[in-house]
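# take this sequence and fold it.
(3 chains)
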Amino acid sequence: MEKIAIVGVAQTKYERRKKGEIFYDMVYEVTTKAMEDAGYTLDDIDNVITVSNDFWDGRTISCMAVQEVAGAHDKNVSTVEGDGAFGAFYGAMRVLGGFKTTLVVTHSKGSEGDSKVITNAMFDPVYHRALGLDAISSSALQAQAYMEKYGITEEQCAMVSVKNHGNAKNNPCAQLPMNITVEDVMRSRKIADPLKLLDCSPVSDGAAAIIIADKDSAKKARNTPVWIKGIAHCSDAYFLGDRDLADPRALKDAAARAYAMAGITRPRDEIDVVELYDAFSYMEPLWLEGMGFCNQGDGGRMIEKGISVKGGSLPVNPSGGVLSAHPVLTAGLARIIESTLQLRGEADERQVPGARTALAHGINGPCGQSHCVWILGRE
Amino acid sequence: MAAWLQDVEDLTLKGQINVPYTWSVGEVGSRFLVALRDEEKILGNRCPSCNTVYVPPRKNCGSCFKDIDDNQWAELGPEGVVTAFTIVRYDYPLQPAKAPFAYAIIKLDGADVGFVHLIRQGLEKLRNGVRVKALFKEERTGHILDIDSFVLLEA
Amino acid sequence: MARRVAIVGAGQTHHKSHRLDVNGREMINEAVMRALADSEITITDIDAIIIGNMDHFESINYVDTWSVEGSGGVMKPIMKVTTGGTTGTSVAIAAYYHVASGLFDRVLAIGWEKNSESDTTAAIVTCSDPVWDRFSYSGAIPSLATEASAYMEQYGATQEDAARVAVRDRTHALNNPYAQMYNRPITIQDVMESSMLAYPIKLLDVCPRTDGACAVVFAAEGIAEKMIPRPAWIKSTAVRHTTTWFGDVDYDTGMLSLQRAAREAYEKAGIKNPAEDFDVAELYLPYSYAGLKWIEALGFCGPGEGPAFVGEGNTDMGGIIPMNPSGGVISTNCIGATALLRVAEAAIQIMGKGEKRQVPDVKTALATGFGGCWWSDVVILTGDKP
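Just a heads-up that it's a prediction; the model follows:
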């Protein structure tokens, strides 16, 4: 792969409800800030990818709401519907395929819709939708299947929540910085067993943008470029009953291809920081297994040993993760942005010292059916 | 901050997307739903290439990417084994049951994949591995909820 | 350095108003299997999939993950690209970049819609801003009718001039067994006598609602040439999705987004005189008046010259620039597939697989997409490797 880089990033503060701002305002904010971060003007951007979803936005052709403020006026533009990590992937392909600079911008306001109705619409209308499944209840099925199969304990999952909400205290963009204990998580309201309130991510509003540039354009950027070393995505089967919910085989496939592109053979040694899509606490150990950071079933012990905490040998979600802010679609791009800041050495209080290689991750579909893995590097 | 922003009132607008839908079930799915309705039977079908027995039945195997021909139908269940479950603690209008109730992935006898459905009773005894049986509704319309739920069988 | 990319096969369903025999996934699968067969490959040869439709026409959230059993995406990279009416060209262009990037050698582009499953207008009115446009000026017909009446006023074009476009496309559909309106020709009188929807648009001036899917296989240079004797190379693409609010559209000027997209795509492809340089055009003309005004934006004739250009037969089969040999959007409109069908049909013409609808000796072909808030996409294909 030719050398391409992330040269500008921006995100809003993530909040439960941004009542004073419409999509247009949020996108304008991050588009202008990402250009400012890169030291670019609109003339330096030659194409745009917007990311939105018609269900979350309550609007057919949801991308229509933001074309001008995404800087897309009189430019080549397209729209990915799905997590921002996938949108950014298309943005990267456009740079590899002939453009010089892609601006990728995502927006989402969970506060404006009904997340249960919207995620119920992921399920097949004939066979599953009438059962009333939504993102929470389906993920609870996955959590139970995974935890039961490998003896992962609720306390281990609670430790993920404690860690990530604690990390969020160092992230000014996070929605839910919290001082909580394992006991707090264990005693929080039962939602769908084994998930309790503090195992679940919040409803959030927010937008984010990145600029991806080819090698020559990256030289003109104000910041240290963060290089894209490997990217891959992969989807599992659709019907929940067709999948082994405890085995994220699509993630394994995507990670293997991203590692191969990046020349990574020992991810545990070669990757310094991980930003993954922890919509629920159990997802962190399950995805860490899928990424090959430990053996299958060892994800719970990894958190117990303190490997993934700030200051551990493999910090995971120093930003506070999706548990601390879950603007759907934007969340995957936020993982890429945090990874970028870590590699630039600009993560302030949450900086992982000497981070040179990072993994960022996004998901689409029920129970992490589809995964997108990014390997980013300083060199 | 501009002066007018100090006391502006942030308005919101309520509304909803109001689109009626009529989904095509397709021939394969229609046979499955008609069997639920008319015979209280759960039908699956077998991929002739990888031998996986699917429920609900499929027109083509997603993994082998081959058509499943018409000679591969199989009657499954009505009993099976729970392989994963969750007890739902929140009520929501979309749900066909009052909380607490359970969603379960059930390996029906004769099937190779799980079947997702509801369990309403005996939640305290629910474990992976317990046997359950489909309970059909009296009034059936050709709908996935013609199966009211699955009930636990005594060990 | 971007790799060159070609289309090496295409497949589509036999488009109908209602396909009750299949669900959406199964309908997608029909088009995919036909595209794979046309390319003489199997799903294992496909490295990635791009799929598009419009969510609220079937109410399926995350179609990329829902569809994998039909699309072939189980344990493959798949993503969803969607931009309204332009979805099909957006999907095609995304497939192009998947291959051009060097990351994937053979990719599958899928567009589909099952418009029978919903109330199309109830869904489409929600494309407008919920605060400003949705209650006052929304849906496809009002803004198109505004454009049509403005064009008639400006240039003296008549309803009969527009009807001539609908008659042409429906006549061309006689040659395309896949078209929804296959073997259902109409006359100018039929159009004139059809019911008035919003002046000056009548029922037979506009596209139908369709259940259908289209799949297209894209391959990289070095691979494409070995797959088929005459791949359809992507020469250039350009996209303009400029406006956000319907009130911002200036109906008294030409079709601005199409002018701008065409200007960029023509420049990259070296197109100087479109009527001579293109051998065939598959245009996203959702209603008849577009077949007058928008071909001016594409430079086939000057402003106001559309009615005469079409009326003289220049755009018929056998004319100097045959338009929509497939029967076009007026004969088939499965919305998420519609613009991809334009690209597929243009490629079919270059590959020489058009059968009864084949235009002789096609070297360069034009495909367009239309959607959103007066947005345009342009794709130029050629038989000679660029």
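# please report how far the residue of the stretch 251-379 of chain A found nearest chain C lies from C:Gly72.
Closest to chain C within the stretch 251-379 of chain A is A:Gly365: 2.9 Å, counting by CB to the nearest CB. C-beta: built from backbone N, CA, C; applies to glycine. A:Gly365 sits 16 Å away from C:Gly72, going by CB to CB, to the nearest Å.
# report the backbone C-alpha coordinates of the host helix or strand of A:Met186 in PDB.
Using DSSP states H and E, A:Met186 sits in helix A:182-187. The C-alpha coordinates for helix A:182-187 follow below in PDB (Å, rounded to 0.1, in the frame of the first residue of the first chain):
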ATOM      1  CA  VAL A 182     -16.800  -2.900  40.400                       C
ATOM      2  CA  GLU A 183     -19.400  -3.100  43.100                       C
ATOM      3  CA  ASP A 184     -21.200   0.000  41.600                       C
ATOM      4  CA  VAL A 185     -21.400  -1.800  38.300                       C
ATOM      5  CA  MET A 186     -22.600  -5.100  39.900                       C
ATOM      6  CA  ARG A 187     -25.300  -3.300  41.800                       C
END
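# can you name every helix or strand that that helix contacts?
Applying 3 or more CB pairs under 8 Å, 6 or more residues apart in numbering or on different chains; DSSP states H and E, we find helix A:182-187 packed against helix A:154-167.
# enumerate every residue touching B:Gly129.
Neighbouring residues of B:Gly129 by CB atoms under 8 Å, 6 or more residues apart in numbering or on different chains: B:81-82.
# so it sits in a helix?
No - with DSSP: H, G, I helix; E, B strand; the rest coil as the criterion, B:Gly129 is located in coil rather than a helix.
# touching, the residue of the stretch 251-379 of chain A closest to chain C and C:Ser67? I think so.
No - contact between A:Gly365 and C:Ser67 fails when scored by CB atoms under 8 Å: they sit 10.3 Å apart.
# looking at those two, which one has more neighbours?
Neighbours per residue (other CB atoms under 10 Å in any protein chain shown) separate A:Gly365 from C:Ser67, with C:Ser67 holding more: 27 against 24.
# the more buried one reaches C:Asn23, doesn't it?
No - counting by CB under 8 Å, C:Ser67 does not reach C:Asn23; the two are 10.4 Å apart.
# find the residue at the geometric middle of chain A.
Most central in chain A under CA atoms, centre = their mean is A:Gly332, positioned 2.2 Å from the mean C-alpha point.
# which helix or which strand is home to the closest residue to C:Ile50 other than its chain neighbours?
Nearest residue to C:Ile50, sequence neighbours excluded (CB to CB, 6 or more residues apart in numbering or on different chains): C:Ala94, at 4.7 Å. Counting by DSSP H and E, the element that carries C:Ala94 is helix C:87-100.
# one more: C:Arg164?
Element membership for C:Arg164 (DSSP H and E) is helix C:159-172.
# mean confidence score for that helix?
Averaging pLDDT along helix C:159-172 gives 98.
# same thing with stretch A:243-260?
Mean per-residue pLDDT for stretch A:243-260: 98.
# mind listing what's buried along it?
Going by neighbour count (16 or more other CB atoms under 10 Å in any protein chain shown), the buried part of stretch A:243-260 is A:243, A:245-248, A:250-259.
# what is the neighbour count of the closest residue to chain C within chain B?
For chain B and chain C, the shortest gap (CB to the nearest CB) falls at B:Gly62, measuring 3.4 Å. By other CB under 10 Å, the residues close to B:Gly62 number 26.
# correct me, but it touches C:Lys76?
No - assessed by CB under 8 Å, B:Gly62 is found out of contact with C:Lys76, at 10.5 Å.
# which neighbours do these two share?
Common neighbours of B:Gly62 and C:Lys76 (CB under 8 Å, 6+ apart) are C:Val68.
# low pLDDT regions in chain C?
In the prediction, chain C carries residues with pLDDT under 70 at positions C:1.
# chain B contacts on that one?
Residues of chain C lying close to chain B (CB under 8 Å from any CB of the partner chain) are C:18-26, C:29, C:42-43, C:56, C:58-59, C:68-70, C:72, C:74-75, C:114, C:116-119, C:122-123, C:126, C:130-131, C:134, C:211.
# in ChimeraX, select just the buried ones from the residues you listed.
Selecting only the buried entries of these in ChimeraX, with 16+ other CB under 10 Å as the criterion:
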select /C:19,22,23,24,25,26,29,43,56,58,59,68,69,70,72,74,75,114,116,117,118,119,122,123,126,130,134,211
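# check the residues of chain C next to chain B against chain A, which are close?
Restricting the residues of chain C next to chain B to those near chain A by CB under 8 Å from any CB leaves C:23, C:56, C:59, C:68-69, C:74-75, C:123, C:126, C:130-131.
# pick out the most distant pair among the residues you listed.
Among those, the pair separated by the greatest distance (CB to CB) is C:Met75 and C:Val131, at 43.0 Å.
# which one is whichever residue of chain C sits closest to chain A nearest to, not counting chain neighbours?
Nearest residue of chain C to chain A (CB to the nearest CB) works out as C:Thr65 at 2.9 Å. The shortest distance from C:Thr65 to any non-neighbouring residue, by CB to CB, 6+ apart, is to A:Gly365 (2.9 Å).
# same question for A:Val117.
Nearest residue to A:Val117 in three dimensions, chain neighbours excluded: B:Leu94, at 6.6 Å (CB to CB, 6+ apart).
# ok now do residue 107, which residues does it touch?
Defaulting to chain A. If a contact means CB under 8 Å, 6+ apart, then A:His107 has A:23, A:26-27, A:51-52, A:66, A:206-207, A:327, A:329-330 as its contacts.
# oops, wrong one, chain C.
Contacts for C:Val107 (CB under 8 Å, 6+ apart) come out as C:46-50, C:95, C:98-99, C:217-218.
# if we go to 10 Å?
By CB atoms under 10 Å, 6 or more residues apart in numbering or on different chains, C:Val107 lies in contact with C:5, C:46-50, C:76-77, C:94-99, C:216-220.
# what lines up beside the strand or helix carrying it in the sheet?
In this assignment (DSSP H and E), C:Val107 forms part of strand C:106-114. Next to strand C:106-114 in the sheet, as set by DSSP bridges, lie strand C:48-52 (parallel), strand C:211-220 (antiparallel).
# so which of the ones you listed comes closest to C:Met255?
Across these, closest to C:Met255 is strand C:48-52 (CB to CB), at 22.7 Å.
# all set, thanks.
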